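In: need a 3D model of the following:
(one chain, ligands or ions: 1)
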Amino acid sequence: MRIIFLVLVLLFLASLGYAQKNSIIPEPASCQFSESRYLYIDQIRFSCQPAQEILIQNFSNQLAGFGIKLGNIKKSGPKTANLILGIDTQKQIGLEAYSLTITPQQIQLTASSETGLFYGLQSLTQLAVSNSVASGFRVPHGTIQDNPRYVWRGLMLDESRHFFGKEKVKQLLDWMAFYKLNRFHWHLTDEPGWRIEIKKYPKLTSVGAIGNFHDPKAPAAFYTQADIKEIVHYAAERSIEVVPEIDMPGHAAAANRAYPEFSGGGSEKYPEFTFNPGKEHTYGFLTDILREVVQLFPSKYIHLGGDEVHFGNQQWNTNADVQSLMQKHQLKDLQAVEFYFINRMTDSIAALNKTMIGWDEIVTSGVPAEKCLTMWWRHDKPEQLQLALEKGYHTILCPRIPFYFDFVQHNSHRSGRYWAKEYAPIEKILAFNQTYAEPLTKYPNLIDGIQANIWTETIHSEERLDFMTFPRMAALAEVAWSKNNSPDYSTFLKKMQVSFRLYKEQKITFFDPVNPERTPELPGPKK
Ligand code: TNX
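Out: You can find the predicted model right below:
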């Protein structure tokens, strides 16, 4: 009896060790690994097409960043190579799919596109960091067949409320890539600051970039067009598409400080909150801005915001331009004005050969479904999601609970948001596909994916940004990629141990949900 018990305990412990050794996040669609046989590599001899050499270079740099050195990488013929990349457009199921085979002689990676190859290399990196010994490269014999659940696996960063800068954004992109997230939604404009250089309107940054959520006098902080190109390129090398957001007609206070002639006023709590939808010149001004924006971002999408206009549109009631617009077009109330504006700007975007994205307010705006994509964020308004889907809108799900990362992640935390008593812990993220099983099964062709949003009113430093992002980013990736509807919490945490080690090595201030007391809350700025 005792012996049986002991054996069971040993088996259990072995299984724990095993789970950690080959922990890949997000979980591949299918994989099998040997528990005792490994391939050791001290120098990569690769074989691939010339266009893919950059993938190998980046792979070796990524490993070096994790302390695994491979000497000089070397090109070689397929017979002598130990890392073989192949494009096969016949067999694969989708552009992001890949298959990876590790034998005693070599690693064979096949995909139907470079994105698929990139993801195969990310899995290989994760296998290497969880199996390598004394900084030597070691991976288990085995196979992976993999492809993602959603095409849109997004993360949004708000850099208007607080600005973090290029290096921090690159670090976030590195980790997004590590976890196979593929859309970086960049919230670049809002009330506290305008963060993107527009050459035709220099005051947008010389005036509009001054200040942040806690300090209206903070020195101007923004991205030049050269910075933006650098980030877009950096992201593309990691199979990430960058989608900019230029928020309108609300959340426009920073632009209005720079060019008050286009302001539609605001409310007591939200002064100068809107653009003026009654002035013809406003449309020209905003379209000029978008013309420069589309030059910088190859993405097919431009996000126009469209949220929370009612926070600050009261002055439209007394604005002569708005009043005459209402008469001219028989717009019966302020919401009709808002929707008139959204429709016109959607057409401007279409004329620039891009597709508009808007927050879920646009679902009642009358914008035709084929002209846009919407992001459902108001978790307390499931009817708005229902409406979006009934009307045939392609939709990204980012309900506040559990996908707003400015909400706290543990009930001992005091900085950051709650909704009633609800917050956004890992468990709720992992349960996402279960929680939303109904719309997901009913509208599989309209729900393009999911996204987490890092709003930064309460996130003022890089350390706090880390604390709110890690490890929730990994949980987001797990549910965005894996087809398992209910990933097990304790298995996920076991897999996370490897990530935790890497976070520590890279001095990332993460939250440890297993030992919350070991990583005490890193509070936001004092009010
Ligand atoms: C709502 S989500 C907002 C943001 C805030 C966020 C704070 C959305 C479209 N608007 O402006 O930063 O809540 O959680």
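
In: could you use CA atoms for every contact and neighbour count after this?
Out: Noted.

In: let me know whether Lys229 touches Gln295 as I believe.
Out: No. Judged on C-alpha atoms under 8 Å, Lys229 makes no contact with Gln295 at a distance of 9.6 Å.

In: now the element after the helix or strand containing Pro439, going C-ward?
Out: Assessed by DSSP states H and E, Pro439 sits inside helix 437-442. On the C-terminal side of helix 437-442, the closest following helix or strand by DSSP H and E is strand 447-454.

In: how far does that next one sit from the chain's center?
Out: 7 Å (C-alpha atoms, centre = their mean, to the nearest Å).

In: strand 447-454 and the helix or strand just after it, what's the angle between them?
Out: Downstream of strand 447-454, the next assigned helix or strand under DSSP H and E is helix 462-469. Counting by axes from the mean of the first three to the mean of the last three C-alpha atoms, to 10 degrees, helix 462-469 lies at 140 degrees to strand 447-454.

In: chain center to helix 462-469, what's the gap?
Out: 15 Å.

In: after that helix comes which helix or strand?
Out: Next element after helix 462-469 (DSSP H and E): helix 472-481.

In: how about the next helix-or-strand element following that following helix: buried residues?
Out: Using DSSP H and E, the helix or strand that directly follows helix 472-481 along the chain is helix 489-505. Residues 492-500, 502-503 are the ones in helix 489-505 that count as buried (16 or more other C-alpha atoms under 10 Å).

In: name the element the residue positioned nearest the centre of the chain belongs to?
Out: Nearest residue to the geometric centre of the chain (C-alpha atoms, centre = their mean): Leu155, 1.5 Å. Element membership of Leu155, judged by DSSP H and E, is strand 152-158.

In: and the helix or strand following that strand with helix 472-481, angle?
Out: Downstream of strand 152-158, the next assigned helix or strand under DSSP H and E is helix 166-178. Relative orientation of helix 166-178 versus helix 472-481 (the same axes, to 10 degrees): 40 degrees.

In: which parts of helix 166-178 are buried?
Out: Applying 16+ other C-alpha under 10 Å to helix 166-178 flags 169-170, 172-174, 176-178 as buried.

In: could I get it in PDB with only the CA atoms?
Out: The C-alpha atoms that make up helix 166-178 are tabulated as PDB, following Å, rounded to 0.1, in the frame of the first residue of the first chain:
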ATOM      1  CA  LYS A 166       9.900  53.300 -27.800                       C
ATOM      2  CA  GLU A 167      12.000  51.000 -25.700                       C
ATOM      3  CA  LYS A 168       9.100  49.900 -23.400                       C
ATOM      4  CA  VAL A 169       6.900  49.400 -26.500                       C
ATOM      5  CA  LYS A 170       9.500  47.200 -28.100                       C
ATOM      6  CA  GLN A 171       9.800  45.100 -24.900                       C
ATOM      7  CA  LEU A 172       6.000  44.700 -24.900                       C
ATOM      8  CA  LEU A 173       6.100  43.700 -28.600                       C
ATOM      9  CA  ASP A 174       8.900  41.100 -27.800                       C
ATOM     10  CA  TRP A 175       6.600  39.500 -25.200                       C
ATOM     11  CA  MET A 176       3.600  39.600 -27.400                       C
ATOM     12  CA  ALA A 177       5.500  37.800 -30.100                       C
ATOM     13  CA  PHE A 178       6.800  35.200 -27.500                       C
END
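
In: list the contacts for Leu127?
Out: Contacts of Leu127 were listed using C-alpha atoms under 8 Å, 6 or more residues apart in numbering, and they are 21-24, 139-140.

In: which ones among those residues lie within strands?
Out: Mapping these onto strands (DSSP state E) picks out 139-140.

In: ok, which stretches of the stretch 1-150 of the chain are helices?
Out: 2-21, 53-65, 114-131 (DSSP state H, counting those that start in this stretch).

In: lowest average confidence across those helices, which one?
Out: The minimum mean pLDDT among the helices of the stretch 1-150 of the chain belongs to helix 2-21 (a mean of 54).

In: sorry, back to before: list just the nearest of the contacts of Leu127 to Asp347.
Out: Taking C-alpha to C-alpha as the measure, Asp347 lies nearest Ile24 of those, at 43.0 Å.

In: what sits against the closest one?
Out: If you count contacts by C-alpha under 8 Å, 6+ apart, then Ile24 has 123, 126-127, 495 around it.

In: enumerate the residues of the stretch 51-200 of the chain near the ligand.
Out: Residues of the stretch 51-200 of the chain found near the ligand (C-alpha under 6 Å from any ligand atom): none.

In: one more time with 8 Å, if that's ok
Out: 158, 190 (C-alpha under 8 Å from any ligand atom).

In: same deal with the chain?
Out: 158, 190, 251, 305-308, 359-360, 377-378, 400, 404, 406-407, 417, 453, 455-457.
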